[in-house]
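Trainee: Okay, predicted coordinates and the sequence, questions at the end:
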Amino acid sequence: MMAMQESSTSILRKNKKVLVASLTGSAIEWFDYFLYGTAAALVFNKIFFPMVDPVIGLILSYLSFSLTFFIRPIGGVIFAHIGDRIGRKKTLVLTLSLMGGATVLIGLLPTYEQIGIWAPALLILLRIVQGMGIGGEWGGALLLAYEYAPEKRKGFFGSIPQAGVTIGMLMATFIVSLMTLFSEEQFLSWGWRIPFLLSSLLVLLGLWIRKDIDETPEFQRLKKTGTVAKAPLRDTLKFHWREVIIAAGLKVVETAPFYIFSTFVVSYATTILAYQKSQALEAVTLGALVATVMIPLMGLLSDKVGRQRMYAVSVALLGLFIVPWFMLLDTGTTWGIMLATVIAFGVLWAPVTAVLGTLCSEIFSANVRYTGITLGYQLGAALAGGTAPLIATGLLAKYNGDWKPVACYLAITVLISLTAIFFASRRQTTAVAAQGEML
């Protein structure tokens with residue numbers, strides 16, 4: 001047992017910079033994402049789109065926020081192609097620079113009052129640049145951890161960048177809560193810029209950490225053997241399209257419930273169930289804190305019990321908790337919303353996201369892995385991520401606040417992902433059998 005602990009400690013010490021580099025990029029990505037979403041709701045409609053009706057201004061502000069759901073797949077394909085051609089490290093430096101640079105420049109933008117129509121135009125342009133960088137960041141951050149990991153620690157290493165989701169969320173929540181200390185006039189004048197400018201420190205830290213890291217061992221092996229893909233996108237779509245669909249299916253139950261448990265729950269609890277907004281936000285924050293701790297622990301556990309088994313069991317348990325989640329919310333009590341959110345978001349969602357990246361990485365060969373996991377991830381996110389709160393809100397409106405249709409929608413996402421893990425296990429079994437025959 002002691003030898004096992006020493007081995008784990010040695011592994012962590014040896015790969016500390018790799019894990020920190022992977023986590024930093026992921027955390028910055030989600031910090032930028034949640035920060036922009038908050039600013040879109042509170043600021044951008046007033047200082048970048050004041051030339052129209054306030055409601056139209058808010059809609060335009062939210063549309064600029066939603067741009068990434070359309071831009072991220074494009075950025076993902078471009079940078080994944082580069083990552084499979086020239087390497088993971090160089091691509092990660094490029095994506096982090098684009099993503100962070102655009103975020104800082106948003107904080108420096110003149111307002112509509114100062115430069116007129118150029119203000120919203122530049123905001124949208126920077127949002128596009130930001131979305132392009134974000135699109136390529138996740139796959140690279142994941143592979144940096146996964147391809148450096150020892151064989152028996154793939155699950156743990158692959159879970160580290162996944163923890164960046166909740167860490168970025170918590171950082172954005174914390175800094176936005178600090179901004180409420182300003183008066184509304186101060187906040188609209190200059191206070192909102194502070195978080196965007198402070199993100200430059202995170203970007204510089206990420207770039208500094210990444211500059212001393214070598215290319216991943218698996219990509220170095222591809223270069224030595226001359227097996228680097230010349231056209232990764234073409235090869236992926238031609239030979240690995242089934243794996244892309246499987247990866248997208250695996251992503252569905254990770255992304256739709258995330259937005260339901262962390263975003264939709266706030267509007268549902270405050271408008272339908274009459275909770276205070278502070279109660280809903282505190283519950284989500286607590287759930288995110290629990291998830292941040294649980295994700296690496298579940299990644300470590302997956303190395304012992306198996307990733308496919310952990311994923312399948314966690315998804316099934318998540319499905320079984322859908323109805324109890326709504327019933328706990330229906331109690332109208334602080335303990336009810338806290339317990340519901342901590343169990344759903346912090347305990348049951350955490351193992352799903354912890355193993356998702358590693359699962360996706362294992363079904364693609366190394367020469368198209370960046371492209372394959374990025375296509376699957378972005379396809380799943382586009383289909384089930386950004387649409388989840390809209391679908392849930394639409395169902396509530398159509399059925400007069402009845403949560404049962406929303407529960408059915410979540411159950412469908414569970415079934416889709418259970419089907420995906422079934423086919424993932426079958427393909428892996430076939431691949432292992434084929435390998436055995438060759439030997």
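Mentor: Nice, I can see it. On a predicted model such as this, the values are computed, not experimentally measured, just so you know.

Trainee: for the stretch 1-150 of the chain, what spans make up the helices?
Mentor: For the stretch 1-150 of the chain, the helices defined by DSSP state H, counting those that start in this stretch occupy 2-14, 16-39, 45-47, 54-86, 88-108, 112-115, 118-146.

Trainee: mean pLDDT for the ones you listed: which is lowest?
Mentor: Mean pLDDT values for these show the minimum at helix 2-14, a mean of 55.

Trainee: Quick check: buried residues in stretch 251-270?
Mentor: Along stretch 251-270, these residues count as buried under the neighbour rule (16 or more other Cβ atoms under 10 Å): 251-266, 268-270. From N, CA and C alone the C-beta is placed, and that goes for glycine too.

Trainee: Out of those residues, list just those in helices.
Mentor: 251-259, 265-266, 268-270 (DSSP state H).

Trainee: For I363, see how far away G135 is.
Mentor: Noted for G135: a distance of 21 Å to I363, by Cβ to Cβ, to the nearest Å.

Trainee: Compare those two (neighbour count), which wins?
Mentor: Of the pair G135 and I363, G135 is the one with more neighbours under other Cβ atoms under 10 Å, namely 28 against 23.

Trainee: Any figure for the gap between the closest residue to the more buried one other than its chain neighbours and L359?
Mentor: Once flanking residues are discounted, G135 sits nearest to G75: 2.8 Å by Cβ to Cβ, 6 or more residues apart in numbering. Going from G75 to L359 by Cβ to Cβ gives 23 Å.

Trainee: again, but for A229
Mentor: Per Cβ to Cβ, A229 is found 21 Å from L359.

Trainee: And whatever helix or strand G357 lives in, what does it pack against?
Mentor: Assessed by DSSP states H and E, G357 sits inside helix 349-362. Packed against helix 349-362 by the contact rule (3 or more Cβ pairs under 8 Å, 6 or more residues apart in numbering; DSSP states H and E) you find helix 118-146, helix 154-159, helix 241-259, helix 277-305, helix 307-320, helix 369-384, helix 404-438.

Trainee: Just want the angle from it to helix 16-39.
Mentor: Inter-element angle recorded for helix 349-362 and helix 16-39: 120 degrees (by axes from the mean of the first three to the mean of the last three Cα atoms, to 10 degrees).

Trainee: So for helix 349-362, mean pLDDT?
Mentor: pLDDT averaged over helix 349-362 gives 93.

Trainee: any idea how far that helix is from the chain center?
Mentor: How far helix 349-362 lies from its chain's middle: 11 Å, per Cα atoms, centre = their mean, to the nearest Å.

Trainee: Let me know the angle separating that helix from helix 241-259.
Mentor: 160 degrees.

Trainee: Export only the CA atoms of helix 349-362, formatted as CSV.
Mentor: Output in CSV follows, covering the C-alpha atoms of helix 349-362 (Å, rounded to 0.1, in the frame of the first residue of the first chain):
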residue,chain,number,x,y,z
TRP,A,349,-22.8,14.5,-12.6
ALA,A,350,-19.2,14.6,-11.4
PRO,A,351,-18.2,11.0,-12.3
VAL,A,352,-19.8,11.3,-15.7
THR,A,353,-17.7,14.3,-16.7
ALA,A,354,-14.6,12.9,-14.9
VAL,A,355,-14.4,10.0,-17.3
LEU,A,356,-15.9,11.5,-20.5
GLY,A,357,-12.6,12.9,-21.9
THR,A,358,-10.7,9.7,-21.2
LEU,A,359,-13.4,7.6,-22.7
CYS,A,360,-13.5,9.7,-25.9
SER,A,361,-9.7,9.6,-26.2
GLU,A,362,-9.6,5.8,-25.9
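
Trainee: Is it possible to get a markdown table of the ones in helices among the buried residues of stretch 251-270 that adds distance to I106 and pLDDT?
Mentor: Putting those into a markdown table (distance: Cβ to Cβ, whole Å; pLDDT from 0 to 100) gives the following:
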| residue | distance to I106 | pLDDT |
| --- | --- | --- |
| K251 | 28 | 93 |
| V252 | 31 | 93 |
| V253 | 32 | 93 |
| E254 | 28 | 92 |
| T255 | 25 | 90 |
| A256 | 28 | 90 |
| P257 | 30 | 91 |
| F258 | 24 | 90 |
| Y259 | 23 | 86 |
| V265 | 28 | 86 |
| V266 | 24 | 82 |
| Y268 | 30 | 86 |
| A269 | 30 | 88 |
| T270 | 28 | 84 |
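
Trainee: which two from those end up farthest apart in space?
Mentor: Farthest apart among those by Cβ to Cβ are K251 and T270. That separation is 28.5 Å.

Trainee: Touching, R369 and G140? I think so.
Mentor: No - counting by Cβ atoms under 8 Å, R369 does not reach G140; the two are 10.7 Å apart.

Trainee: center of the chain - which residue?
Mentor: Nearest to the geometric centre of the chain sits V165, at 5.2 Å (Cα atoms, centre = their mean).

Trainee: so who does that residue touch?
Mentor: S26, W30, F258, T353 (Cβ atoms under 8 Å, 6 or more residues apart in numbering).

Trainee: swap in A388?
Mentor: T255, A256, P257, F258, Y259, I260, F264.

Trainee: phi, psi of D212?
Mentor: Per-residue torsions, D212: phi -100, psi 10 (degrees, to the nearest 10).

Trainee: Give me the neighbour count for the closest residue to it other than its chain neighbours.
Mentor: Leaving aside its chain neighbours, D212 sits nearest to K17 (6.7 Å; criterion: Cβ to Cβ, 6+ apart). Number of residues near K17 (other Cβ under 10 Å) recorded here: 13.

Trainee: G249 now?
Mentor: 24.

Trainee: Give me the spatial nearest neighbour of it, chain neighbours excluded.
Mentor: A420 (2.8 Å).

Trainee: didn't Y148 look like it was pressed against T216?
Mentor: Yes - in this structure, Y148 is within contact of T216 by Cβ under 8 Å, at 5.8 Å.

Trainee: D402 is in what secondary structure piece?
Mentor: Going by DSSP H and E, D402 is not in any helix or strand.

Trainee: for the closest residue to it other than its chain neighbours, what are its contacts?
Mentor: In space, and not counting its chain neighbours, D402 is closest to L396: 7.4 Å by Cβ to Cβ, 6+ apart. Taking Cβ under 8 Å, 6+ apart as the contact definition, L396 lies against Y268, I272, D402, W403, P405, V406.
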